[in-house]
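Visitor: Sharing a model that was predicted from the sequence below.
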Amino acid sequence: MQEYLVDIFGSFGRIIVFFHVISAALLIGSMATIRLVIKPMLEDIKNERIRCNTSLKIFDRYVYFIIIILLVIVSASFMMNIGLGFKYANPITYSMLTVKEFIWVFVTFNFIYMYMRYKAARESGKKRDFFEANENISIIIDYLIPLNLVLSFSAVYVGIGIRGL
């Protein structure tokens with residue numbers, strides 16, 4: 001398996017790194033867009049029902065986008081880790097790689113928690129409890145997305161450090 005991944009990375013290394021970097025940029029950009037652009041626009045909607053339904057539609061599409069992006073990031077990092085042989089590199093590089101993987105795992109689990117909050121908001125919206133639905137959406141936008149943004153920037157910083165070593 002390892003030899004196969006080393007061969008794949010040897011042949012497609014630049015493409016794999018490209019997809020990894022572009023996926024991280026799309027992830028960070030999408031979270032920043034939701035927090036800095038979409039949230040203020042949603043606050044301008046005074047009707048609670050319309051705001052709730054609009055938010056749920058946005059998150060419904062966003063969930064599918066995030067699943068694809070995270071799959072690309074995880075699979076590309078897996079191929080890079082094995083293909084570049086980081087396990088056999090110097091201990092500092094391997095430690096930085098472990099920290100970066102831990103950060104992305106935490107981001108992934110935070111997205112899973114966001115999805116659970118989204119499902120709760122969707123159920124509240126179906127029951128016409130728009131206050132509860134908007135509260136769940138507010139937790140996602142105000143706390144969970146900024147946390148993921150900070151963690152994602154940290155992972156990018158560590159990744160640049162690994163590339164520079």
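Guide: On my side now, so go ahead. Numbers count the residues shown, from 1 in each chain.
Visitor: Tell me how far Phe106 lies from Asn148.
Guide: 9 Å (CB to CB, to the nearest Å). For every residue, glycine as well, the C-beta is placed using N, CA and C.
Visitor: Please read the previous query as pertaining to Phe109.
Guide: Phe109 is 10 Å from Asn148, by CB to CB.
Visitor: quick one, what contacts the nearest residue to Leu144 once chain neighbours are set aside?
Guide: Spatially, and ignoring its direct neighbours in sequence, Leu144 is nearest to Met114 (4.9 Å; CB to CB, 6 or more residues apart in numbering). For Met114, the contact set (CB atoms under 8 Å, 6 or more residues apart in numbering) comprises 140, 144-145, 148.
Visitor: Beyond the one helix or strand Met114 maps to, next helix or strand please.
Guide: For Met114, the element it lies in under DSSP states H and E is helix 91-126. Downstream of helix 91-126, the first helix or strand assigned by DSSP H and E is helix 130-139.
Visitor: Could I get the phi/psi values of the spatially most central residue of the chain?
Guide: For the chain, Leu27 is the residue whose C-alpha lies nearest the centre (CA atoms, centre = their mean; 5.1 Å). The phi and psi values for Leu27, taken as degrees, to the nearest 10, are phi -60, psi -50.
Visitor: distance of it from Phe12?
Guide: To Phe12, Leu27 is 21 Å away according to CB to CB.
Visitor: Of Phe106 and Asn148, which one has the most company?
Guide: Asn148 (22 against 15; other CB atoms under 10 Å).
Visitor: just to revisit the earlier point, would you mark the buried spots in the helix holding Met114?
Guide: 93-94, 96-97, 100-101, 103-104, 107-108, 110-111, 114-115, 117-118, 120-122, 124-125 (16 or more other CB atoms under 10 Å).
Visitor: got any ranges where the protein has weak pLDDT?
Guide: 1-10, 83-89, 164-165 (pLDDT under 70).
Visitor: if we can go back for a sec, nearest to Ile22 among the contacts of Met114?
Guide: Ile22 has its nearest neighbour among those in Asn148, at 17.7 Å by CB to CB.
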